[in-house]
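Q: below: sequence and its predicted model.
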Amino acid sequence: MTPLEIVNAFIAAVEAQDVDGAIEFLDPEVSYENVPIDPIVGRDGVAATLNGFLGPVSEVDWRVDGEWEVGRTVINERVDRFKIGDGWLELPVAGFFEVSDAGLITLWRDYFDMGSYVAQLEALTATG
């Protein structure tokens with residue numbers, strides 16, 4: 001598989017909410033960097049993080065609007081969508097992935113607006 005195919009297969013697993021399947025595409029020492037949050041290193045940490053933010057979600061749709069493969073680096077522009085209750089949290093993201101010669105993602109770095117994420121999450125999970 002090419003680096004682009006690996007990243008797209010990883011995204012498909014996340015969309016299917018198959019965390020075990022998704023982490024199979026990650027290097028054991030992967031660095032997951034949700035800028036501006038501190039990096040999470042290792043498959044176990046990434047699995048815990050994915051399980052945490054997928055927990056309240058009934059559907060996931062990561063719409064990739066553009067993607068580029070440069071050597072072993074994949075860059076994508078996407079809108080990560082999460083259905084929570086009756087509404088959708090929609091977060092524009094710029095993603096950067098580095099894929100090793102062994103075909104595993106060694107770096108997953110996403111840039112997004114934390115304020116937008118928090119505001120939408122609060123609105124979707126507010127009670128009363």
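A: Yep, that arrived.
Q: and the strands in the protein?
A: Ranges of strands within the chain are 26-35, 40-41, 59-70, 73-84, 87-99, 105-111, based on DSSP state E.
Q: out of the ones you listed, which gets nearest to Y117?
A: Smallest distance to Y117 across the strands of the chain (Cβ to Cβ): 5.5 Å, for strand 87-99. (C-beta placed from N, C-alpha, C; glycine too.)
Q: what sits closest to S100 if chain neighbours are left out?
A: The spatial neighbour of S100 that comes closest, neighbours along the chain excluded (Cβ to Cβ, 6 or more residues apart in numbering), is T106 at 5.1 Å.
Q: count of neighbours near that neighbour?
A: With neighbours defined by other Cβ atoms under 10 Å, the count for T106 comes to 16.
Q: ok so, going back, out of the strands of the chain, nearest to T127?
A: Nearest of the strands of the chain to T127, taken as Cβ to Cβ: strand 73-84 at 12.8 Å.
Q: where does the prediction get shaky in the protein?
A: Counting by pLDDT under 70, the chain shows low-confidence ranges at 128.
Q: try 90
A: Confidence mapping of the chain against pLDDT under 90 gives the ranges 35-37, 53, 56, 114-115, 117-118, 121, 124-128.
Q: now Q120: closest residue in space that isn't a chain neighbour?
A: Excluding the flanking residues, the one nearest Q120 by Cβ to Cβ, 6+ apart is L89, at 4.5 Å.
Q: next: A9.
A: Take A9 and drop its neighbours on the chain: the residue closest to it by Cβ to Cβ, 6+ apart is F25, 6.2 Å away.
Q: let me see the contact set for that neighbour.
A: Counting by Cβ atoms under 8 Å, 6 or more residues apart in numbering, F25 touches I6, V7, A9, F10, A13, L104, I105.
Q: farthest pair in the residues you listed?
A: Longest span within those, Cβ to Cβ: A13 and L104, 13.5 Å.
Q: tell me the spacing between P56 and T125.
A: 7 Å (Cβ to Cβ, to the nearest Å).
Q: what do those two both touch?
A: I84.
Q: in the sheet, who's paired with T73?
A: Beta-bridge partners for T73, by DSSP bridges, are V70, E98.
Q: okay then, goodbye and thanks.
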